[in-house]
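Participant: please work out how this folds:
(one chain, ligands or ions: 1)
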Amino acid sequence: MSGRTFAPRVFSGIKPSGGLTLGNYLGAIKRWVAMQEEDYETIYCVVDLHAVTVWQDPADLHRSTHEVAAAMLASGIDPERSILFNQSQVPAHAELGWLFNCVARVGWMNRMTQFKEKAGKNAEKQSLGLYAYPSLMAADILLYHATHVPVGEDQKQHVELTRDIAQKFNHDYGVEFFPMPEPVIEGPAMRVMNLRDGSKKMSKSGESDMERINMLDDADTIAKKFKKARTDPEPLPSDVAGLADRPEARNLVEIYAGLADTTPEAVLAEFGGAGWGTFKPALAELAVEKLAPISTEMQRLLDAPDEIDRLLARGAERAETIAKPILEQTFDIMGFVRSRR
Ligand code: AQP
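Facilitator: All right, here's what the predicted structure looks like:
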């Protein structure tokens with residue numbers, strides 16, 4: 001390999017599979033906003049084709065698509081500086097996804113822990129789409145020759161699989177066509193855990209609403225959820241070593257650090273020795289301070305869905321101008337006849 005260089009380009013997405021959580025905000029959106037200020041071209045996507053890998057009521061899918069777009073806009077994604085769109089409006093995602101289904105190996109898919117977690121004991125009853133999800137995600141990223149993929153810790157394995165697909169494609173066809181994208185996982189709250197069980201991640205589709213903070217929760221609900229969050233009887237330790245084997249305590253400290261743009265060490269320097277009766281109300285107050293302006297703007301946008309639709313359509317047109325030539329080159333490399341061009 002001679003080491004072709006690719007312009008720094010970020011791609012990331014969120015599934016419209018329910019109300020957004022604090023995990024989506026801290027693990028993804030907050031950093032996406034920051035990356036707009038850095039030396040990248042930034043492309044952010046509402047990945048609706050991924051959402052339907054599990055059942056979505058049509059009205060809910062429609063609303064969630066607007067909600068995810070509204071959350072990104074309200075959090076500071078600038079639709080001029082970034083390309084913001086929903087995946088199904090750029091058909092090249094599905095087309096490259098199919099080609100990558102023919103590159104990825106079944107054995108690779110069998111190692112994906114997210115499928116195992118989501119499918120549980122019912123793997124046979126899951127959709128084929130849920131199983132193939134990582135190869136569509138690889139297509140999302142590589143369709144733009146993206147070099148950096150900011151994700152939460154839970155998505156790291158899928159970005160690694162994307163690299164495997166890029167490498168196999170390049171090797172099989174003797175080209176240096178696809179880049180090896182890097183996962184960007186940095187910050188204190190890259191794996192926000194369930195408030196009721198510190199061994200599970202906070203998810204949109206988790207069973208109980210009490211296990212997550214939704215971006216649209218009001219101040220009272222946020223305070224109530226943190227108050228009822230599971231903890232242990234010990235006070236907060238004065239250093240991070242004291243959080244070992246205390247997953248629930250560590251989670252709340254990391255959430256605080258993520259919201260305050262600081263480190264768990266700094267949080268413990270302030271709260272070490274304090275009990276939960278002190279820390280939980282401080283955490284709730286901070287969460288409300290950060291989330292309330294975002295949820296107010298989200299509500300305003302959700303009351304103007306036509307405005308969101310216009311922005312998504314424009315974003316899709318911009319995305320397609322990058323995606324289409326890359327898809328066409330992929331077809332050419334593979335030997336397809338494309339005489340309609
Ligand atoms: N708990 C989390 N902590 C940190 N980051 C998280 N992300 C999701 N949950 C957490 C990050 O958010 C981005 C978008 O994720 P997604 O919605 O496309 O898929 P997901 O990871 O499957 O999210 P959910 O909430 O768990 O959705 P459901 O319940 O519908 O499957 C990704 O960057 C992800 O890392």
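Participant: how about the strands in the chain?
Facilitator: Counting by DSSP state E, the chain has strands at residues 9-14, 41-46, 82-86, 148-150, 182-184.
Participant: helices and strands around the worst-scoring helix or strand of the chain on mean pLDDT, which ones?
Facilitator: Every helix and strand in the chain was compared by mean pLDDT, DSSP states H and E; the lowest is helix 113-119, with a mean of 91. When contacts are defined as 3 or more C-beta pairs under 8 Å, 6 or more residues apart in numbering; DSSP states H and E, helix 113-119 packs onto helix 128-142, helix 156-173. Where C-beta positions appear, they are placed from N, C-alpha and C, glycine not excepted.
Participant: what is the shortest one packed up against?
Facilitator: Looking back up the chat, that one is helix 128-142. strand 9-14, helix 48-51, helix 92-101, helix 106-110, helix 113-119, helix 156-173.
Participant: lowest mean pLDDT across those, which one is that?
Facilitator: Of all the helices and strands packed on helix 128-142, mean pLDDT reaches its minimum on helix 113-119 (a mean of 91).
Participant: for the ligand, what are the nearby residues on the stretch 1-150 of the chain?
Facilitator: Counting by C-beta under 6 Å from any ligand atom, the stretch 1-150 of the chain comes close to the ligand at Ile14, Lys15, Ser17, Gly18, Thr21, Gly23, Asn24, Gly27, Ala28.
Participant: now do the contacts for the second one.
Facilitator: Same thing as Lys15. Lys15 sits next to Val46, Val47, Asp48, His50, Ala51, Val68, Lys204 when contact means C-beta atoms under 8 Å, 6 or more residues apart in numbering.
Participant: now, which of those residues sits nearest the ligand?
Facilitator: The ligand lies nearest to Lys204 out of the contacts of Lys15, by C-beta to the nearest ligand atom, at 3.8 Å.
Participant: burial measure for Ala94, as a count.
Facilitator: Look at Ala94: counted by other C-beta atoms under 10 Å, it has 13 neighbours.
Participant: run through the residues that contact it.
Facilitator: Taking C-beta under 8 Å, 6+ apart as the test, what Ala94 contacts is Leu49, Ser88, Leu136, Ala139.
Participant: show me the two of these that sit farthest apart.
Facilitator: Ser88 and Ala139 (13.1 Å; C-beta to C-beta).
Participant: without its sequence neighbours, what residue ends up closest to the residue in the stretch 151-300 of the chain positioned nearest to the ligand?
Facilitator: Closest to the ligand within the stretch 151-300 of the chain is Gly152: 2.3 Å, counting by C-beta to the nearest ligand atom. Closest residue to Gly152 apart from its sequence neighbours, by C-beta to C-beta, 6 or more residues apart in numbering: Gly27 at 3.0 Å.
Participant: check contacts around that neighbour.
Facilitator: If a contact means C-beta under 8 Å, 6+ apart, then Gly27 has Val151, Gly152, Glu153, Asp154, Ala189, Met190, Arg191, Val192 as its contacts.
Participant: list the residues that contact Asp154.
Facilitator: Asp154 neighbours (C-beta under 8 Å, 6+ apart): Gly27, Gln114, Arg191, Lys201.
Participant: just to be sure, which of these are found in helices?
Facilitator: Judged by DSSP state H, the contacts of Asp154 include Gln114 as members of helices.
Participant: what parts of the stretch 151-300 of the chain come near the ligand?
Facilitator: Contact residues (C-beta under 6 Å from any ligand atom) of the stretch 151-300 of the chain with the ligand: Val151, Gly152, Asp154, Gln155, Met190, Arg191, Val192, Lys201, Met202, Ser203, Lys204, Ser205.
Participant: now for the residues you listed, which pair is the farthest apart?
Facilitator: Among these, the pair separated by the greatest distance (C-beta to C-beta) is Met190 and Ser205, at 19.6 Å.
Participant: what about Asp232, how many residues nearby?
Facilitator: 12.
Participant: could I get the pLDDT score of it?
Facilitator: Asp232 carries a pLDDT value of 94.
Participant: surely it touches Asn251?
Facilitator: No. With contact defined as C-beta atoms under 8 Å, Asp232 does not count as touching Asn251 (11.7 Å).
Participant: related to what we said a few turns ago, which of the residues of the stretch 151-300 of the chain next to the ligand are buried, as a ChimeraX select command?
Facilitator: To isolate the buried members of those in ChimeraX, using 16 or more other C-beta atoms under 10 Å:
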select :151,152,154,155,190,191,192,201,202,203,204
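Participant: hmm, back to that, now tabulate the strands of the chain in CSV and tack on mean neighbour count.
Facilitator: Output for the strands of the chain, formatted as CSV (neighbours: other C-beta atoms under 10 Å):
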stretch, mean neighbour count
strand 9-14, 24
strand 41-46, 25
strand 82-86, 24
strand 148-150, 23
strand 182-184, 17
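Participant: just send these back as JSON lines, with distance to Gln329 too.
Facilitator: Supplementary listing: the strands of the chain in JSON lines, determined by distance: least, C-beta to C-beta, whole Å:
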{"stretch": "strand 9-14", "distance to Gln329": "16"}
{"stretch": "strand 41-46", "distance to Gln329": "18"}
{"stretch": "strand 82-86", "distance to Gln329": "20"}
{"stretch": "strand 148-150", "distance to Gln329": "21"}
{"stretch": "strand 182-184", "distance to Gln329": "22"}
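Participant: among those strands, which is nearest Ala260?
Facilitator: Short answer: strand 148-150, nearest of the strands of the chain by C-beta to C-beta, at 19.7 Å.
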